[in-house]
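> Fold the stuff below for me.
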Amino acid sequence: MLVTHPDIQIRAQLLGAERAPLLIIDNVVADPGRLVRKASHHGFSRQGAMFPGVRAQAPFSYREFLQTLLQPLLQPYFGLEAGRFEFPMCHYSLVTTPPSQLKFLQKVPHIDSTDGSGLATVHYLFDGWGGTAFYRHRQTGFEYIDEARGRPYFQCLEQQSHQPDATGEGYINGDSALFEQIARVDGVFNRMLVYRRNSLHSGCIDNRQVPTADPLAGRLSINSFIDVVR
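Numbering: from 1, shown residues only. Model (predicted):
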């Protein structure tokens, strides 16, 4: 069983000009080291073409923990009514891809879905490997991509991808020719972020060193996608 830390701390902020909600929860679980130890016994593998690393299934008890933790926060912070959680994804994640091997879409901020009611969480189980940043697309001014914005945004991004200055040599880590960073949250051990899946975001990865694939020493997190079903 996972239980909340006795000194859990929750703060909220609004992102950029479009004011999408972000929750920052510190001291999430009472024994985060247990989650790290469990990860060390998992077999990680590449899953999907976009994530620049390897993943493994998170414990099922973690889903139950998230539902208990987040249900009371849905309405006041995200305008969502309480309901049953469904998890399109709930995985341990380790970033392991060298900057020189990234594809274009891995060098720019991304969204996880165009559905504005879907949530994402990232639970940092590391120290010293950077956090998460949120971005505005300069040409369109978009900070989130919903269904109405999806077609024009991705058409614009495709055109821009051919520009010689479209990206740097590796992971985005601040302002670029195409994107402006509007917020950045440090990766603090046992900190969780909760945000809408359609907000433009990216991990903050130091291009001078590639994180190790060892769950005990690498950039380990638990990443979840949540749909609330009533």
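
> Can you tell me how far residue 81 is from residue 43?
Computed as CB to CB, to the nearest Å, the residue 81 to residue 43 distance reads 38 Å. Heads up, the C-betas are built off the backbone N, CA and C, glycines and all.

> In terms of helix, strand or coil, where does residue 149 fall?
helix (DSSP: H, G, I helix; E, B strand; the rest coil).

> likewise residue 73?
Per three-state DSSP, residue 73 ends up helix.

> Please name the nearest non-neighbouring residue to it.
residue 23 (6.5 Å; CB to CB, 6 or more residues apart in numbering).

> and the one you found, what element?
strand 20-26 (DSSP states H and E).

> likewise residue 158?
With DSSP H and E as the test, residue 158 turns up in helix 147-160.

> list the helices and strands that helix packs on?
strand 132-137 (3 or more CB pairs under 8 Å, 6 or more residues apart in numbering; DSSP states H and E).

> thinking again about what came up before, now the strand holding residue 23 against strand 132-137, angle please.
Angle of strand 20-26 versus strand 132-137, following axes from the mean of the first three to the mean of the last three CA atoms, to 10 degrees, is 170 degrees.

> Need the contact partners of strand 20-26.
For strand 20-26, contacts defined as CB atoms under 8 Å, 6 or more residues apart in numbering pick out 8-15, 69, 73, 77-78, 134, 143-144, 183, 185, 188, 190-196, 199.

> Now do that strand: distance to the chain's middle.
12 Å (CA atoms, centre = their mean, to the nearest Å).

> Equivalent analysis for stretch 140-159, please.
19 Å.

> Need the mean per-residue confidence for it.
Stretch 140-159 carries an average pLDDT of 98.

> Residue 166 contacts residue 172, doesn't it?
No. With contact defined as CB atoms under 8 Å, residue 166 and residue 172 do not form a contacting pair (10.7 Å).

> all strands for the chain, in order.
9-15, 20-26, 53-57, 84-95, 119-124, 132-137, 179-185, 191-196, 201-203, 220-229 (DSSP state E).

> To residue 32, which of those strands lies closest?
strand 119-124 (8.4 Å; CB to CB).

> Just give me how far the closest one sits from the chain centre.
5 Å.

> And stretch 149-165, by the same measure?
With CA atoms, centre = their mean, you get 22 Å for stretch 149-165.

> For it, buried residues please.
149, 153, 157, 160 (16 or more other CB atoms under 10 Å).
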